[in-house]
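Enquirer: take this sequence and fold it.
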Amino acid sequence: MDKTDDIEFIEQLILGREKTASEKLFDKVIEVNGKEKQLRQLQEECAELIVAVNHYLRTLNDKQFADNTAAFINLIEETADVEIMLAQLPCMFMLFENAVEEIKEKKLKRLEERIRTK
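Expert: Okay, here's the model as predicted:
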């Protein structure tokens, strides 16, 4: 077994499965660009999504924008960019995904309780 095989074996033990093609691609991107660059790219993509949401909402409320298709398409594209960047986080930080899932479960329960009380 070489070093790459060892790493893949350990990852399989931690993940309980083999990495997906996307995860392998993300690993290569992170190796080439580094974590800091990818995290800064995540910041940029999140900012672009915020702008896309604002623009989409503005087109809904402004009669000058009779057709908001372009704003909606941009919203979809920016959402995809953010999701791709977010999917890289577990590749950067081992066990990140499990921690996020646990916190999401708690937050979803709290959200459900809030909705029930209204």
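Enquirer: so what's the residue nearest the centre of the chain up against?
Expert: The centre of the chain sits closest to residue 86, judged by CA atoms, centre = their mean, with a distance of 2.2 Å. By CB atoms under 8 Å, 6 or more residues apart in numbering, the residues touching residue 86 are residue 42. (C-beta placed from N, C-alpha, C; glycine too.)
Enquirer: check which element follows the helix or strand harbouring it along the chain.
Expert: If you go by DSSP states H and E, residue 86 is part of helix 69-92. Past helix 69-92, further along toward the C-terminus, the next helix or strand under DSSP H and E is helix 96-116.
Enquirer: quick check: mean pLDDT across that next one?
Expert: Helix 96-116 carries an average pLDDT of 89.
Enquirer: please begin residue numbering at 130 from this point
Expert: Right, with 130 as the first residue, what we last looked at is helix 225-245.
Enquirer: confidence-wise, which helix or strand of the chain is lowest on average?
Expert: helix 132-144 (a mean of 65; mean pLDDT, DSSP states H and E).
Enquirer: residues near residue 218, how many?
Expert: 16 (other CB atoms under 10 Å).
Enquirer: and the angle for the longest helix seen in the chain with helix 198-221?
Expert: In the chain, assigned by DSSP state H, the helix with the most residues is helix 164-190. Going by axes from the mean of the first three to the mean of the last three CA atoms, to 10 degrees, helix 164-190 is angled at 160 degrees with respect to helix 198-221.
Enquirer: and helix 164-190, what does it pack onto?
Expert: For helix 164-190, the packing partners by 3 or more CB pairs under 8 Å, 6 or more residues apart in numbering; DSSP states H and E come out as helix 150-162, helix 198-221.
Enquirer: that helix: which residues count as buried?
Expert: For helix 164-190, the neighbour count (16 or more other CB atoms under 10 Å) marks 167, 168, 170, 171, 174, 178, 181, 184, 185, 188 as buried.
Enquirer: so for that helix, mean pLDDT?
Expert: Helix 164-190 shows a mean pLDDT of 95.
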